[in-house]
Each structure stands twice: as C-alpha cells, then as structure tokens.
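Participant: Give me a model of this one.
(chains A and B, ligands or ions: 3)
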Amino acid sequence: MSVVHPVATVANGGAPGSTGGDGTNHKLDVSIWRGGKNGRFVSYGITLRESQTVLDVVTYIQRHVDSTLSYRFSCRVGMCGSCAMTVNGVSRWTCRTHVSEVVKDGRLEIAPLSGLEVVKDLSVDMTGFFEKWTRAKGAFVPGPGPSRDFAVVSPDSPQRRKVDAAIECIGCGVCYAACDVVSWNDDYLGPAALNRAWTLYNDVRDAGNDKRLAAVAGNVGCLSCHSQQSCVKWCPKHLNPTASIAGLKRATVKAALAGRL
Amino acid sequence: MAKPVARRNCRNHSNYWAFAVHRISGVVLVLYLPVHFYVIGLAIKSEAALQSFFSLAENPLVRLAETILIITFVIHVTGGLRLLLIEFLAWRDWQKTVIAVSGGISLAVGLVFLFNVF
Ligand code: SF4
Ligand code: SF4
Ligand code: FES
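Facilitator: Ligands and ions are numbered 1, 2, ... in the order given. Now for the predicted structure:
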C-alpha cells in the first residue's frame, strides 16, 4: 500500500544548482518503506539535484521532511558496507548509486534490504548475515605454536591471487539479498560468507581448513548454490562470489574423494 | 527467512535466464517421461501396438512436438555441461559465451532433426 505523506511535496530550496543535470528541475517521486515488517510505502516529492546519490535523497528527506526516518550509513564513499537498500527492486549500495542510474519514470522506490529482518524503515538487522560468516568458519585460525616471524606470501603465488580476487568484500549484504537460494533456504550460508571462507581456504597461514570445508559442504553451504550469479551481477565491488563458491565445490569434491570429508 | 517487504527484481541477467531455462527444460523432460515409458511398454507388449503408435508419428504436429522435445533435451544436456564447465574448471569470465554456445548447439541439433523428419 502506498500513501502520500502529509508534508510530502517539498522542493529542496530551489537554489541555483538544484537541477537534474540538464539545466531543468526534475521532480522526483520517492516511495520509502516506513515502519517494521508490517509497514507501508510513504511517498515524498522532492526536486532532484545534480549528481545526487540515493543516499543523498534519503538523507535529504530525513533532514528536511521527516526526521523520524531511520536508515544506516557511515562512510558515504563505498568502504563500510552499511548503506545497502533495495532500490527499485534491486539491492544496491546507496552511497555510490546515482539517482540518474536507477530512476524509472521519475520514480524511486526505496525499501530495506531483503532477506533480513526489518528493524525500522530502511534499517535491517544484519545479525543473521554475519552469524553465517561465523558458521562458515570465516575467522582466521592460527597454526599451532607461536609464529616467530612474518609469514612471507608472494603476491604472485597462485593462492594469494585467489585471495586477492575475493578479499575486497565490504560486507554490505547486497549479494545476500539478491540471491534466490538465500530466499529459498533459511539456513543457506549465502554468497558473502562462502566467499569469505574461500579467501581463508587459500590463506597459506591458516590452519582451519578441515573444519571449514566440513562447515561449507552440504545442504546449507556451497553445494546448494545454483550458479545463478545474481550475486556477481549486483556485487558493488565487482567480486565474483560464484567463482569462490565454485572453488569451494571443487575443494569439497577433492576432499571427499581423498576421504577427508 | 524474513520475507522481503517490497518486490525484488535481481534476476534479469543472462546467467539467471540460463538457470531458468535449464530448470524449465528439466521439468518438461520429467513430464515427458511417462509417455516415453508408455511407448517402451508398447514395444514389450506387441509389435502391432508399437507400429500403430509409430504411424502416429507421420502426423506433422507429432513431428513438430518431437522436434521441440529433442531441442528441450539438448538444451538440458548443454545446460548441464555449461554448469559442469563453470563449476569444475577454474573460473574464467566466459560464461556468456558458454551460454551462447549451449544455445547454439541446442538449436543446431534441433534443426538437423527437423530437416531429417520432414
Ligand atoms: S551464484 Fe550461488 S550464491 Fe550467488 S546468487 Fe546464485 S545461488 Fe546465490
Ligand atoms: S561480496 Fe560484494 S555484495 Fe556481497 S557483501 Fe561482499 S561486497 Fe557486498
Ligand atoms: S555508506 Fe559506507 S558503503 Fe555506503
């Protein structure tokens, strides 16, 4: 259900520069999810400014129209991974998504990230997402005995290259929200946690791979992935969780054949 | 899992379509299986019954249906090979090519069959 907010239509100042990029003022109809899981969309009319991001729009509304609007962000430059939301049906990092890239017929629908419990408005509870990182053994396991020196890992070694390809994850949850298997199977660990497990699997210093493989094999782990690649399609860091998961699939098969699983 | 509050549309890309086509062709083939077993059953029962069934296959509509079936079968096989390729070979960024090749093979086999039956 969609309702129009009582004080919804506000032009943001009409100051010079409040244009849609081609010198004209663009009205933007923004529907924002308000409330918990039984909430509703409320629509706000604002004027689009040049180079505005989706996060800018949300911040504008919170500062100038309704200060009770809840949402989450921190760095605003694509590093912290806290600002992800569903924008016109697609999960996105909002601080680096320009309105002009995603607006459809002057409309923007902004909802909380799917796959996670809504706390209020645009903020979701990320606990389930990060618990799965723990379940996927996403923490480094040191080897026995104290390390006496720095571990030397050549940047050119095949293993380090595999780690490099997957390490830049900011934990935003975009892939998790985009994945069908996550929405079908409550316990599925999801692309981000499995991608994390893959980086540690290739970490030559790590000593936890037996337990890690056991944790990521099976029904809730890598073998449930259908290689649909929605995670790859939407990951804002252009990572390839499907490739990481395929790596884990090969590793589990190898371990099973060797009788280690 | 928490039900999404809003519609979600993260699926419109080639690899998702490849998944969907693979799944649908699989379901179609499963639905066809009873017919397949029925025909095999006829062969066991008597040659006459089998022959009278085969005369059905003279009908152009049945031939068209057969062709569609063959294409569905090849789509499913090439789709499965595609999955094996992208999951069991070290990853390369050529999945779209693999999808195109699977589609091409399916179509080619279908056409060859079509020309043979008519
Ligand atoms: S490739 Fe696997 S993890 Fe990624 S979206 Fe698809 S099913 Fe989910
Ligand atoms: S893999 Fe990409 S989309 Fe998924 S949490 Fe990490 S940065 Fe976000
Ligand atoms: S606010 Fe930090 S990634 Fe968007």
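
Participant: tell me the contacts of B:V101?
Facilitator: For B:V101, the contact set (C-beta atoms under 8 Å, 6 or more residues apart in numbering or on different chains) comprises B:T78. Glycine gets a C-beta too; all of them are placed from N, C-alpha and C.

Participant: Which of the helices or strands spans it?
Facilitator: For B:V101, the element it lies in under DSSP states H and E is helix B:95-117.

Participant: Could I get the full set of strands for the stretch 1-150 of chain A?
Facilitator: Per DSSP state E, counting those that start in this stretch, the stretch 1-150 of chain A carries strands over the ranges A:2-9, A:26-34, A:40-48, A:84-87, A:90-93, A:107-111, A:118-120, A:123-124.

Participant: For the second one, which outside residues touch it?
Facilitator: Meaning strand A:26-34. So strand A:26-34 is contacted by A:2, A:19-20, A:39-48, A:57-58, A:61, A:69, A:99, A:103, A:106-112, A:118, A:121-122, B:5-6 (C-beta under 8 Å, 6+ apart).

Participant: Can I get the buried ones among the residues you listed as something I can paste into ChimeraX?
Facilitator: Command for ChimeraX, covering only those of the contacts of strand A:26-34 found buried under the criterion 16 or more other C-beta atoms under 10 Å in any protein chain shown:
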select /A:20,39,41,42,43,44,45,46,47,48,57,58,61,69,99,103,108,109,110,111,112,118,121,122 /B:5,6
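
Participant: Ignoring the adjacent residues along the chain, who's closest to the residue in chain B that ligand 3 sits nearest to?
Facilitator: Going by C-beta to the nearest ligand atom, ligand 3 is nearest to B:C10 of chain B, at 18.4 Å. Nearest non-adjacent residue to B:C10, counting by C-beta to C-beta, 6 or more residues apart in numbering or on different chains: A:A178, 3.8 Å away.

Participant: per-residue pLDDT, the one you found?
Facilitator: Predicted confidence (pLDDT) for A:A178: 96.

Participant: That one and A:Q229 touch, don't they?
Facilitator: No. The criterion here is C-beta atoms under 8 Å, and A:A178 misses it with A:Q229 at 9.6 Å.

Participant: Residue in chain B with the shortest distance to ligand 2?
Facilitator: B:C10 (11.1 Å).

Participant: Phi and psi next, for that residue.
Facilitator: phi -100, psi 10 (degrees, to the nearest 10).
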